[in-house]
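1. Mind folding the following:
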Amino acid sequence: MKFLTPLAMALLATTLSAQDARFGIQATVSKPSGDVGNKDWMDSKLGYGIGVHTLIPLSGGIAIVPRIDYTMYKNDRTIDPFISENEKVKILSGGADFQFYLSGEAGKGIYFLGGLGYARGSFNSSYVATGLTLTVDGTKGALYLQGGIGVNFTPSIGIECRYQSIQFKDVETTYLGYTATQDVSCPSLQASLVLRF
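-> Residues are numbered from 1 along each chain as shown. Presented below is the predicted three-dimensional model:
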């Protein structure tokens, strides 16, 4: 439930500044690195995501942007005619960005951003051989940090590039009835198309 806190903040801030706040959506392409991006997991395959946000302009070209994002990575591969592997990672996150606009007007032109929040990661691996399926599952939450740059071409259309750092600690995985823990790093480089209404 922690990821819902930024949403509550967004709703409160929007209520306080309803005449200025703008609701938006973002569609994201994400390239993973770290443990999730290595050859045993996603093998650097791109993930895709979608999310919502509220841009709340402040004075001096500064804006606060609460946001919720859902990102999924998937890698299905065939090892030989009898064995296949299916890897899937899903991340639901909620947080807030601090944006600084070079134009001095929030929502206009080029901006730099920094943000933090909470992410919930779900990890699933399936190994399918002739007559046998083995599955590994795990779920864990962690804080994330991110930074990047963006540009608004119009008040309604823009793009963002960001680097996000997440480290999931002590992820519990279950395999054949046995439970083990491991740390899973999931930094990523993301590019988003941003639409505001």
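
2. For burial, what's the neighbour tally of residue 164?
-> Residue 164 is flanked by 24 other residues according to other C-beta atoms under 10 Å. Yep, even glycine has a C-beta here, placed from its N, CA and C like the rest.

3. so it makes contact with residue 191?
-> No: the criterion here is C-beta atoms under 8 Å, and residue 164 misses it with residue 191 at 11.6 Å.

4. Quick check: which ranges of this protein have low pLDDT?
-> For the chain, the stretches flagged by pLDDT under 70 are 1-19, 130-131, 134, 174-177.

5. Show me where it has its helices.
-> Using DSSP state H, the helices of the chain run over 5-16, 34-37.

6. how far away is the residue nearest to residue 47 when sequence neighbours are not counted from residue 37?
-> Excluding the flanking residues, the one nearest residue 47 by C-beta to C-beta, 6 or more residues apart in numbering is residue 73, at 3.7 Å. As for residue 73, its distance to residue 37 is 9 Å (criterion: C-beta to C-beta, to the nearest Å).

7. what are the ranges of the strands in the protein?
-> 22-32, 47-57, 62-80, 83-101, 109-129, 132-152, 157-175, 178-185, 188-196 (DSSP state E).

8. and residue 41, which of the ones you listed is closest to it?
-> Across those, residue 41 has its closest neighbour in strand 83-101 (5.4 Å, C-beta to C-beta).
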